[in-house]
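K.L.:
From the sequence below, what's the structure:
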Amino acid sequence: MATETEAETGLAFHPMEQFEVTPLFGDGAVHWYTPTNATLWFGITLIAIIALLVFGTRGRAVIPSRVQSIAEMTYGMVYKMIEDICGKEGLKFFPYIMTLFSFIVFANYLALIPKSFSTTSHIAVTAVLAMFVFIGVTVLGFVRNGTAFFGLFWVKSAPLALRPVLALIEVISYFVRPVSHSIRLAGNVMAGHAVIKVFAAFAAIIWIAPLAILGIIGVYALEVLVCIIQAYVFTILTCVYLNDALHPAH
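P.N.:
Below is the predicted model of the structure:
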């Protein structure tokens with residue numbers, strides 16, 4: 001017999017159920033102090049990061065192990081990214097940006113494990129990450145440059161008559177940053193997991209099961225790329241915003 005939800009939607013499967021935050025113990029309401037599936041996977045993500053970047057590199061062998069090589073390559077990539085975009089001045093913010101990149105990468109890949117929970121598919125998570133970047137960059141810009149930070153919005157190379165209009169556009173664009181920064185990550189992760197769930201539901205139908213399984217394999221392979229690409233995009237945009245705070249002249 002169809003459930004009440006199935007009767008309302010006409011669907012026997014619900015792709016968005018996988019994103020529901022539920023208590024780890026019991027079926028009660030979720031409060032701010034309630035241990036949930038999200039809490040569990042936040043903890044697993046933290047443990048995985050520590051295992052790779054702390055314990056995996058503890059030996060610091062001249063001939064590195066695979067784990068040490070991965071950690072060193074990640075370190076070098078983020079370091080080079082910051083240096084190329086922000087210059088030497090940006091390297092003092094390396095720990096924060098490295099933390100951001102590591103969290104997003106590990107959370108994305110751990111979410112590909114069957115029966116796991118995708119923390120970065122929630123706008124509440126990505127919005128917090130984006131707002132920390134936005135507020136931190138804005139405060140840094142004013143502390144470091146004072147009123148000269150407003151130069152970020154004043155396009156000196158444009159004709160004088162167009163500068164006020166461009167300034168308004170720049171201001172709107174600036175305040176939209178945390179929205180686009182957060183939605184891009186959450187939307188891409190959520191979409192991929194939802195599509196996999198839809199194909200998995202169709203795999204139960206015998207006559208289209210082979211096509212559905214091929215679809216799952218294809219989308220899953222794509223998600224493996226999306227995990228690293230979205231972490232890279234989030235991080236590189238953070239570096240671009242940081243560079244604006246360090247060098248606001250337009």
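
K.L.:
So which residues of this structure form helices?
P.N.:
Secondary structure of the chain, counting by DSSP state H: helices at 4-9, 37-50, 66-86, 94-110, 123-145, 163-202, 209-246.

K.L.:
So which of these has the densest surroundings on average?
P.N.:
Looking across the helices of the chain with neighbours counted as mean count of other CB atoms under 10 Å, the highest average goes to helix 94-110: a mean of 20. (Each C-beta comes from the backbone N, C-alpha and C, glycine too.)

K.L.:
Kindly state the pLDDT recorded for residue 8?
P.N.:
If you check residue 8, the pLDDT there is 45.

K.L.:
Ok, residue 244 next?
P.N.:
pLDDT for residue 244: 92.

K.L.:
Identify the residues contacting the nearest residue to it once chain neighbours are set aside.
P.N.:
Once flanking residues are discounted, residue 244 sits nearest to residue 152: 5.6 Å by CB to CB, 6 or more residues apart in numbering. When contacts are counted by CB atoms under 8 Å, 6 or more residues apart in numbering, residue 152 touches 141, 170, 174, 244, 248-250.

K.L.:
about what we covered before: can the helices of the chain go into CSV with extra columns for distance to residue 157?
P.N.:
Putting those into CSV (distance: least, CB to CB, whole Å) gives the following:
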stretch, distance to residue 157
helix 4-9, 54
helix 37-50, 43
helix 66-86, 21
helix 94-110, 29
helix 123-145, 19
helix 163-202, 9
helix 209-246, 16
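
K.L.:
Which among these is found nearest to residue 117?
P.N.:
Across the helices of the chain, residue 117 has its closest neighbour in helix 37-50 (4.4 Å, CB to CB).

K.L.:
what angle do the closest one and helix 123-145 make?
P.N.:
Following axes from the mean of the first three to the mean of the last three CA atoms, to 10 degrees, one obtains 50 degrees for the angle between helix 37-50 and helix 123-145.

K.L.:
looking at the helices of the chain, which is closest to residue 18?
P.N.:
Among these, helix 163-202 comes nearest to residue 18, with 6.1 Å by CB to CB.

K.L.:
got the angle between the closest one and helix 209-246?
P.N.:
With the same axes, to 10 degrees as the basis, helix 163-202 and helix 209-246 are set at 160 degrees to each other.

K.L.:
what helices or strands is helix 163-202 leaning on?
P.N.:
The helices and strands touching helix 163-202, judged by 3 or more CB pairs under 8 Å, 6 or more residues apart in numbering; DSSP states H and E, are helix 123-145, helix 209-246.

K.L.:
Perfect, that will be all.
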